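Participant: Build me a model from this:
(one chain, ligands or ions: 1)
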Amino acid sequence: MSLHIGDTAPDFTAETSTGTLNFHSWIGTDWAFFFSHPGDFTPVCTTEIGRTAQLADAFAARNVKPLGLSTDTVAEHLKWIKDVDETQHTTVMFPIVADPDCRVARLYDMIHDHESTTAAVRSVFIIDPKKTIRLTMTYPMNVERNFAEILRVIDALQTDDAHGVATPADWTPGGAVIIPTSVTTDKAHQLFPNGWTETRPYLRLTVL
Ligand code: BEZ
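Facilitator: Okay, the predicted model is just below:
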């Protein structure tokens, strides 16, 4: 099943490294960063799970809960997490789904048969509190994710939602944002009292 931006994230109940988890209930009123990795006891994955744990405060500040997944078992996860903690100098507190039969991985289209028929690629789903998929990314097994980019896109989504704006290329928090073309000039004056720079009628940049 291929999942698109705007779809409701499929719900599931699964065993994880911290116990049984129902996905929608677990998200609750927060956001979710749901990501898969190919396998436990592998080098790139060890650094990614470690980085996610190191960024616990950064995710919490954005009301985002991380949830990992691989097609390994709970016992393997628990053994490997000790390695991650030790080698990455952190404490993994977030759950990792154990999906040895690939049930959840298939539900989220995380198994790409040209890479492997039994292990997940590096998928990312950013899911909002309404359980809507807001952003997806897919990386091959050999290529690590950039966690600064993951936090940046969460900031962009949350800024866009809060202010009804869009964000320009390479935006970072505090940078100028785009007033969408759907906002009339009269409305823009109400919404953006700081004014804006209009390079073209369709390209209006403002600072919040
Ligand atoms: C890794 O995490 O290093 C890895 C796992 C599976 C395939 C390739 C790399």
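Participant: Show me what from the protein comes close to the ligand.
Facilitator: Neighbours of the ligand within the chain, by C-beta under 6 Å from any ligand atom: 38-39, 42-45, 141-142. The way it works is simple: take the backbone N, C-alpha and C, and place the C-beta from them, glycine included.
Participant: give me that answer again for 5 Å
Facilitator: Residues of the chain found near the ligand (C-beta under 5 Å from any ligand atom) are 38, 42-45, 141.
Participant: Show the buried residues in those residues.
Facilitator: Among the residues of the chain next to the ligand, those classed as buried by 16 or more other C-beta atoms under 10 Å are 38, 42, 44-45, 141.
Participant: per-residue confidence averaged over the longest helix anywhere in the chain?
Facilitator: Longest helix in the chain by number of residues (criterion: DSSP state H): helix 147-163. On average, the pLDDT along helix 147-163 is 98.
Participant: The helix or strand just after it - contacts with which helices or strands?
Facilitator: Where DSSP states H and E defines the elements, the next helix or strand beyond helix 147-163 is strand 177-178. Secondary-structure packing of strand 177-178 (3 or more C-beta pairs under 8 Å, 6 or more residues apart in numbering; DSSP states H and E): helix 147-163, strand 203-206.
Participant: quick one on the thing from earlier: now the buried ones among the residues of the chain next to the ligand as TSV including secondary structure?
Facilitator: Formatted as TSV, those follow (DSSP: H, G, I helix; E, B strand; the rest coil):
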residue	secondary structure
38	coil
42	coil
44	helix
45	helix
141	coil
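Participant: Let me see the ranges of the helices in this structure.
Facilitator: Ranges of helices in the chain, per DSSP H, are 23-27, 43-54, 56-61, 74-88, 103-107, 147-163, 185-191.
Participant: Residue 122 versus residue 51, what's the distance?
Facilitator: Residue 51 sits 13 Å away from residue 122, going by C-beta to C-beta, to the nearest Å.
Participant: What of residue 186?
Facilitator: Applying C-beta to C-beta, the value for residue 186 to residue 122 is 46 Å.
Participant: Among those two, which residue is more densely surrounded?
Facilitator: Neighbour count, other C-beta atoms under 10 Å: between residue 186 and residue 122, residue 122 has more, with 22 against 8.
Participant: tell me the contacts of the closest residue in space to the more buried one that isn't next to it in sequence?
Facilitator: Computed as C-beta to C-beta, 6 or more residues apart in numbering, the closest residue to residue 122 that is not its neighbour in sequence is residue 139, at 3.8 Å. Taking C-beta atoms under 8 Å, 6 or more residues apart in numbering as the contact definition, residue 139 lies against 121-124, 145.
Participant: now do residue 69
Facilitator: Going by C-beta under 8 Å, 6+ apart, residue 69 touches 34-37, 96-97, 99, 104-105, 108, 110, 120.
Participant: for residue 62, same thing?
Facilitator: Listed by C-beta under 8 Å, 6+ apart, the contact partners of residue 62 are 31, 151, 154-155, 158.
Participant: got a winner among these for most neighbours?
Facilitator: residue 154 leads these on contacts (other C-beta under 10 Å) with 20 neighbours.
Participant: Go ahead and confirm it touches residue 55.
Facilitator: No: with contact defined as C-beta atoms under 8 Å, residue 154 does not reach residue 55; the gap is 10.9 Å.
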